[in-house]
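# my questions are about this predicted structure, shown below with the sequence.
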Amino acid sequence: MVLGRTMKAALLGVSLAAIAAFGASAKTLVYCSEGSPEGFDTALYTAGTTFDASSRPLYNRLVEFVRGTTEVEPALAESWEISDDGLTYTFKLRPGVKFHSTDYFTPSRDFNADDVIFSFERQRNADNPYHQYVDGASWEYFNYMSMPSLIESIEKVDDMIVRFNLSRPEAPMIANLAMDFASILSKEYADQLEAAGNKQQFNQQPIGTGPFQFVAYQPDAVIRYKAFADYWKGKTQIDDLVFAITTDQAVRQQKLIAGECHVMPYPNPADVESMKANPDLQVMEQEGLNVGYLAYNTQQAPFDNAMVRKALNMAINKQAILDAVFQGAGQAAKNPLPPTMWSYNDDIEDDPYDPDAAKQMLADAGVSDLSINVWAMPVQRPYNPNARRMAELIQADFAAIGVEAEIVSYEWGEYLERSKALDRDGAVLLGWTGDNGDPDNFLALLGCDGVGGANRAQWCNEEFNALLLEAKTLGSQEERAALYKQAQEVFKREAPWATIAHSVVHMPMRANVTGYVMDPLGIHQFDGVDLTE
């Protein structure tokens, strides 16, 4: 999801050139992606832009979400059994699943248990040759989902049966295995690259079992895929798929209107109505399963003081942000969970917008002449369509209580990496779109396992963390919800984030696009999509 440099004029027609390269007879869909992938080995990353370009077109998982829902269905595993004590998950694998065959790899066998075990062992086992094959590999999702302590072992029963042995019951286990980090990759391909001394290629020239196979990538410009003829679900209607990487929202919109791309994400909220009125376009709309937030570094003074964090939260005028940034396509957030998520605690009262009280709280905390860096994302996301503008509004709000704020930013991949540092300065604008429809997926962002990774607040609160860990072991949704509601009370009291907004998500596309399904998990995928004449 590394954000490329602003597209130069010479690259604005790259999607049309890509179409021509495939030939006039091919049915080609062009997606104007908002950024570049960090790589193509999904488990190494956490960014949705990277997932859109890797796990969704190229790979499959043991189980997957039914398109447009959080319901789980069989995928590479055609069935599974869970032991009565919840500690053993046995998966019967789907026979006859083919890996992609390209000019750089020809598989000699079908998908089997070896690929499943490899895909997880490289994340959990420091001795695996692929554990650190990329510099700084942290397997962030695997760790923040507490997988290292959860998975005791993974057994190959036979070529088509795999067994996961757990250290404790895990209520969201099946849903977790439908997430992008759990994508299944080819062990045979990995072994071939290791033997050739070229393991880095594993992240650059991917091989999967998914609906599309990789053709080429021109960094910060275009990714090309072609339909996988031997896909186990059947070949897609689209022959060729092109990601035209177009970081500028206005340029994406121009290209969509001009017919140079078929689908674009993250339109400017102010432009949605005019796009709806354009007969050449259609605009889908859905309430997002997301939250946008400002994460303080709670390990750095004075932001290690909850009173200081609360004071800053009370200085932020959320309504002004909703008006200027979301243009009516959002609502103020008071919890780390969106209100559409089960276990949302609606009884919690939000911090009021009260600059005078905020100024007094800072004085009571003995804090004066405070300065802070506010990090602004360089990309549009569903939970924040314009982070720079949001940061400017927060900067002005902080100035009103005597706090000097400087806005900083970095290229997207660097932004994500730098913001994980324990000694990071200031507060980071980020957000989250749910991965699996389970509250744990949001609240674990603030768990102790995520410190130094997905937990950008670097916040490890024993009370909060214990509630999360206990909730995952319970089988009853009602029992789990009660603990998650308590966890939200702790969160609100301690204020590691300023929760900003939950957004409505819009997806504009050409009128001749059929079969596209908006997804509550923020997934952009193109199997099942077609183009009419």
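The structure has been received and is ready for your questions.

# contacts and neighbour counts: CA atoms only from here.
Will do.

# for residue 148, helix, strand, or coil?
Secondary structure assignment for residue 148 (DSSP: H, G, I helix; E, B strand; the rest coil): helix.

# and for the nearest residue to it once chain neighbours are set aside, the neighbour number?
Once flanking residues are discounted, residue 148 sits nearest to residue 124: 5.8 Å by Cα to Cα, 6 or more residues apart in numbering. The local packing count at residue 124 equals 19, with neighbours defined by other Cα atoms under 10 Å.

# please report how far residue 124 lies from residue 147.
Distance check for residue 124 against residue 147: by Cα to Cα, to the nearest Å, it reads 8 Å.

# the residue nearest to residue 148 touches residue 149, doesn't it?
No. Distance between residue 124 and residue 149: 9.3 Å, which falls outside the contact criterion (Cα atoms under 8 Å).

# next one: the longest strand anywhere in the chain to chain centre, how far?
As far as residue count goes, and with DSSP state E defining each element, the longest strand of the chain is strand 497-510. In terms of Cα atoms, centre = their mean, to the nearest Å, the centre of strand 497-510 is set 14 Å apart from its chain centre.

# what helices or strands is it leaning on?
Counting contacts by 3 or more Cα pairs under 8 Å, 6 or more residues apart in numbering; DSSP states H and E, strand 497-510 packs against helix 249-257, strand 281-287, strand 290-296, strand 330-332.

# got these as TSV, with mean neighbour count, distance to residue 53 and mean pLDDT columns?
Compiled in TSV, the helices and strands packed on strand 497-510 are given as follows (neighbours: other Cα atoms under 10 Å; distance: least, Cα to Cα, whole Å; pLDDT from 0 to 100):
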stretch	mean neighbour count	distance to residue 53	mean pLDDT
helix 249-257	20	17	96
strand 281-287	16	21	95
strand 290-296	27	20	97
strand 330-332	20	27	94
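
# tell me which stretches of the stretch 101-250 of the chain form strands.
Under the criterion DSSP state E, counting those that start in this stretch, strands of the stretch 101-250 of the chain are mapped to 151-158, 161-166, 212-218, 222-227, 240-244.

# average pLDDT for the second one?
Just to be clear, that refers to strand 161-166. Along strand 161-166, the predicted confidence averages to a pLDDT of 98.

# same thing with the third one?
Within the predicted structure, the mean pLDDT of strand 212-218 is 98.

# list the helices and strands that strand packs on?
On a contact count with 3+ Cα pairs under 8 Å, 6+ apart, strand 212-218 meets helix 55-58, strand 222-227.

# again, only using 10 Å
helix 55-58, strand 222-227, strand 240-244 (3 or more Cα pairs under 10 Å, 6 or more residues apart in numbering; DSSP states H and E).

# for this protein, what helix or strand is lowest in average pLDDT?
The element with the least model confidence among the helices and strands of the chain, by mean pLDDT, DSSP states H and E, is helix 14-22, at a mean of 44.

# after that helix, next one along is what?
Beyond helix 14-22 in the direction of the C-terminus, DSSP states H and E gives the next helix or strand as strand 28-31.

# how about the CA coordinates for whichever helix or strand comes after that following strand, as CSV?
Using DSSP H and E, the helix or strand that follows strand 28-31 in sequence is helix 48-53. Listed next in CSV are the C-alpha coordinates belonging to helix 48-53 (Å, rounded to 0.1, in the frame of the first residue of the first chain):
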residue,chain,number,x,y,z
GLY,A,48,-6.1,-2.7,2.5
THR,A,49,-4.4,-1.3,-0.7
THR,A,50,-1.9,-4.2,-0.5
PHE,A,51,-4.6,-6.7,0.2
ASP,A,52,-6.6,-5.5,-2.9
ALA,A,53,-3.6,-6.1,-5.1
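
# can you lay out the strands of the stretch 101-250 of the chain as a markdown table showing mean neighbour count and distance to residue 481?
Written out in a markdown table, the entries for the strands of the stretch 101-250 of the chain read as follows (neighbours: other Cα atoms under 10 Å; distance: least, Cα to Cα, whole Å):
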| stretch | mean neighbour count | distance to residue 481 |
| --- | --- | --- |
| strand 151-158 | 15 | 24 |
| strand 161-166 | 20 | 23 |
| strand 212-218 | 20 | 39 |
| strand 222-227 | 22 | 42 |
| strand 240-244 | 27 | 40 |
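
# export those strands to JSON lines and append columns for distance to residue 269.
Below are those laid out as JSON lines (distance: least, Cα to Cα, whole Å):
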{"stretch": "strand 151-158", "distance to residue 269": "43"}
{"stretch": "strand 161-166", "distance to residue 269": "45"}
{"stretch": "strand 212-218", "distance to residue 269": "30"}
{"stretch": "strand 222-227", "distance to residue 269": "26"}
{"stretch": "strand 240-244", "distance to residue 269": "21"}
